[in-house]
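# need coordinates for the below:
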Amino acid sequence: MTLIPKSEIRQVKEISSMETQSIYNYLQGAVYCWCKNKLGEWFSAREFLGGENFDWNGTPMIVLYEKHKSKGKTDEQSILDAGKDAGWILKRVINDDQRNFETKKESLIRKYRWIK
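Here you go, the predicted model:
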């Protein structure tokens, strides 16, 4: 797999490896669905996480929100920071994928597109 251009990938801290793997699997499924159904379209973690319709209850994503909320952050800041963590895990999913993806940063958001 190739991220074009290459970029840094960070590890999300303060969650277990099992929780990280569950989030990874969840996002990997979202990437597969996106590539199958929206060929050639750009995507970011926001497309998979609900944006303004934040409701991660019942998904592995909730641990990211709870991690930040437990630090005394506001709901809004917890959602923002959890989204950043999700973005790092998504970046690892993309990096580990067998396919090639383009990447760009647009309005402070990392976006990806499958290069078929």
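
# which phi and psi does Lys91 have?
phi -60, psi -40 (degrees, to the nearest 10).

# that one is in contact with Gln11, isn't it?
No. Using C-beta atoms under 8 Å, Lys91 is not in contact with Gln11, being 10.8 Å away. Quick note: C-beta positions are derived from backbone N, CA and C, even for glycine.

# ok, these two, which is more surrounded?
Lys91 (20 against 8; other C-beta atoms under 10 Å).

# below-threshold pLDDT in this protein: ranges please.
1-6, 51-54 (pLDDT under 70).

# repeat that with 80
Scanning the chain with the threshold set as pLDDT under 80 gives 1-7, 50-54.

# ranges for the helices of it?
Using DSSP state H, the helices of the chain run over 17-37, 45-49, 62-69, 75-96.

# right, and the ones you listed - which one's nearest Ile109?
helix 45-49 (6.7 Å; C-beta to C-beta).

# follow-up on the earlier one: what's the closest of the helices of the chain to Trp114?
Closest to Trp114 of the helices of the chain is helix 17-37 (C-beta to C-beta; 4.6 Å).

# contact partners for the nearest residue to Ile89 once chain neighbours are set aside?
Among residues not flanking Ile89 along the chain, Ile23 sits closest, at 5.2 Å (C-beta to C-beta, 6 or more residues apart in numbering). Applying C-beta atoms under 8 Å, 6 or more residues apart in numbering to Ile23 gives the contacts Ile15, Pro60, Met61, Val63, Leu64, Ala86, Ile89.

# would you mind giving those as JSON lines with neighbour count added?
Listed next are the contacts of Ile23 as JSON lines, based on neighbours: other C-beta atoms under 10 Å:
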{"residue": "Ile15", "neighbour count": "17"}
{"residue": "Pro60", "neighbour count": "19"}
{"residue": "Met61", "neighbour count": "26"}
{"residue": "Val63", "neighbour count": "20"}
{"residue": "Leu64", "neighbour count": "27"}
{"residue": "Ala86", "neighbour count": "23"}
{"residue": "Ile89", "neighbour count": "25"}
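
# please tell me how far the residue sitting furthest away from the middle of the chain sits from Ser78.
When distances are taken from the C-alpha mean of the chain, Gly72 lies farthest, 23.0 Å away, according to C-alpha atoms, centre = their mean. The gap separating Gly72 from Ser78 is 9 Å, by C-beta to C-beta, to the nearest Å.
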